[in-house]
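Student: Need coordinates for the below:
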Amino acid sequence: MEKIENKFIRYVKIDTESSENSSTYPSTSKQLILANLLKDELNNLGLEAEVDEFGLVYCKIEGDNSKKKIGLIAHMDTAPTLPGGNFEPRFIYNYDGNDIKLNEKYTLSPKQFPTLKNEINKTLIVTDGEHLLGGDDKAGIAIIMAICEYYAKNKDINHAPIRICFTPDEEIGSGADHFDVKKMDADIAYTLDGGETNQINYENFNAASCKVQIQGVGIHPGDAKDKMINAILLSVEFNNLLNPEMIPSKTEGYQGFNHLEEISGDVENCTMSYILRNHDENILSQQKESFLKAKETIENKYPLAKVNLEIKDQYRNMKYYFDKDDLAIKKIQETYKQLNLHYTSVPIRGGTDGARITYMGLPCPNLGNGDRLCHGRFEHVVVQEMYEMFEIIKHLLEN
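Tutor: Take a look at the predicted model:
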């Protein structure tokens, strides 16, 4: 069998960055390069695989029909935070706990990221400091492709029927837009889109977005006395009306936040884009209400100004589903116990395709893939954890 890390390196060299400013699906055509490569690799293993009209890759491996059909899902795109692909990832063998120089400007240091001390004596794959590594979620893809290769070459091993899907555009919240539950044909499924492999995730944020558009009054600054209403300054005032403690850099665990992602504009018009997150949907409703109150305050104080809010719900906490149907959780927890592996159930401070897929009727918790510090230049993957998750999935499928 090909080494998992070799598969991973091949996949991360393909730039699959998604785009929030696109009206197509997938949002970038370069994601289809990876989709077609994965399909061809699966076909070359003698497996039935296809890329559908939306760029999703589906594959089926038949098995013991007395067992539940198990789906494995990972996403092909990388976050539009740094360039992806077209670089040489570097292996750090037997990591010694010291600084790792990525390039002349950036160093991956345990002083800044103390959890690196947990990876001593392990093999890490790191970036060049200028690109995303793409472990989110190509580490997941590599593990799943290794599973496919293993069972394609070991047909005598009894295992559950396996259902595979690789999705585009997860990083911009659209990964499940065209996911076909019927075509997937699974009883339960798992996304391999987490970090540490000792974590099982079945709680995620409830999510909403808010676009704030403020219209002021523009006039020559030399004649602005009691006439100009500067939309840029109003945007600052609007933001200051929100809870200053409820921002990403001041929250953790189950604490939600309002995150100002982007701001642009001039004196007459200013636009702000927020994401709102909370594990508790009642508190998320209160966060939405705080935006409405801020709008009311600004418009009352500046009658000639206009504030428009566009609030949209994005996805729900899948915990509410699993409170009623926890088979997928029990099966993976039992797998960890049978392998004598410790696990924790950690709430995701984000979302996965699985959160939306779960509410489509296919229960889909999230598992780790060995990735660390995703969405930035300090991202790295722990190779041993990719192999550990490979063994966990094998055991899940065979028992």
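Student: Tell me which other helices or strands the longest helix belonging to the chain touches.
Tutor: In terms of residue count, the longest helix belonging to the chain (DSSP state H) is helix 281-301. Applying 3 or more Cβ pairs under 8 Å, 6 or more residues apart in numbering; DSSP states H and E, one finds that helix 281-301 contacts strand 206-215, helix 231-240, strand 257-265, strand 269-278, strand 306-315. Just so you know, the C-beta spots here come from the backbone N, C-alpha and C atoms, and that holds for glycine as well.
Student: Nearest approach to Leu367 belongs to which of those?
Tutor: strand 306-315 (18.5 Å; Cβ to Cβ).
Student: From the opening residue of stretch 68-79 to its closing one, how far?
Tutor: 33 Å (Cα to Cα, to the nearest Å).
Student: Can you pull the domain assignment for the protein?
Tutor: Using automatic domain parsing, the domains assigned to the chain come out as 4-203+317-398, 206-314.
Student: winner for burial among those?
Tutor: Ranked by mean neighbour count, the domains of the chain are led by domain 4-203+317-398 with a mean of 19 (mean count of other Cβ atoms under 10 Å).
Student: Any regions of the stretch 51-200 of the chain where pLDDT drops low?
Tutor: 86 (pLDDT under 70).
Student: Which stretches in it count as helices?
Tutor: In the stretch 51-200 of the chain, the segments counted as helices under DSSP state H, counting those that start in this stretch are 135-153, 181-184.
Student: got those as CSV, with distance to His75 columns?
Tutor: CSV is the format used below for the helices of the stretch 51-200 of the chain (distance: least, Cβ to Cβ, whole Å):
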stretch, distance to His75
helix 135-153, 5
helix 181-184, 14
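Student: quick one on the thing from earlier: can you give the contact residues for the longest helix of the chain?
Tutor: 206, 208, 210, 212, 214, 234, 237-238, 241-243, 246, 256, 258, 274, 276-278, 305-307, 309, 311, 316-317 (Cβ atoms under 8 Å, 6 or more residues apart in numbering).
Student: so which of the helices and strands packed on helix 281-301 comes closest to Leu56?
Tutor: Closest among these, once you apply Cβ to Cβ, is strand 306-315, at 17.9 Å.
Student: Are there helices or strands packed against the helix or strand following the closest one, and which ones?
Tutor: Next along the chain after strand 306-315, taking DSSP states H and E as the criterion, comes helix 319-322. Judged by 3+ Cβ pairs under 8 Å, 6+ apart, the packing partners of helix 319-322 are helix 353-359.
Student: Report the mean confidence score over the helix it packs on.
Tutor: Computed over helix 353-359, the mean pLDDT rounds to 94.
Student: next one: it to chain centre, how far?
Tutor: Helix 353-359 sits 12 Å away from the centroid of its parent chain (Cα atoms, centre = their mean, to the nearest Å).
Student: where's Ile263 relative to Leu276, distance?
Tutor: Ile263 is 16 Å from Leu276, where distance means Cβ to Cβ, to the nearest Å.
Student: Sorry, slip of the keys, the one I care about is Lys295.
Tutor: Distance, Lys295 to Leu276, by Cβ to Cβ: 14 Å.
Student: before we move on, what about Leu37?
Tutor: Leu37 sits 37 Å away from Leu276, going by Cβ to Cβ.
Student: Leu260 bridge partners, please.
Tutor: Tyr274 (DSSP bridges).
Student: Surely it is in contact with Tyr274?
Tutor: Yes. Using Cβ atoms under 8 Å, Leu260 is in contact with Tyr274, at 5.5 Å.
Student: which residues are contacting stretch 104-124?
Tutor: For stretch 104-124, the external contacting residues (Cβ under 8 Å, 6+ apart) are 5, 91-102, 126, 129, 372-373, 377-378, 380-384.
Student: Filter the residues you listed down to the ones in strands?
Tutor: Taking DSSP state E as the definition of strands, the contacts of stretch 104-124 contribute Phe91, Ile92, Ile100, Lys101, Val126, Arg372, His380, Val381, Val382.
Student: dump the residue contacts of Gly253.
Tutor: Contacts of Gly253 (Cβ under 8 Å, 6+ apart): Pro347, Arg349.
Student: Now do the SS call for it.
Tutor: Three-state assignment for Gly253 (DSSP: H, G, I helix; E, B strand; the rest coil): coil.
Student: Next: Glu388.
Tutor: Glu388 ends up helix, using three-state DSSP.
Student: Could I get the contacting residues of it?
Tutor: By Cβ under 8 Å, 6+ apart, the contact list for Glu388 reads Thr197, Leu341, Gly370.
Student: and if you look at Gln384?
Tutor: For Gln384, the contact set (Cβ under 8 Å, 6+ apart) comprises Lys122, Thr123, Gly370.
Student: Quickly name whichever of those is closest to Leu56.
Tutor: In terms of Cβ to Cβ, no member of the contacts of Gln384 lies closer to Leu56 than Gly370, at 23.9 Å.
Student: wait, doesn't the closest one sit right on Ala139?
Tutor: Yes. Contact status for Gly370 versus Ala139: in contact at 5.4 Å, counting by Cβ under 8 Å.
Student: if I look at these two, which residues touch both of them?
Tutor: With Cβ under 8 Å, 6+ apart as the test, Gly370 and Ala139 both reach Val381, Met386.
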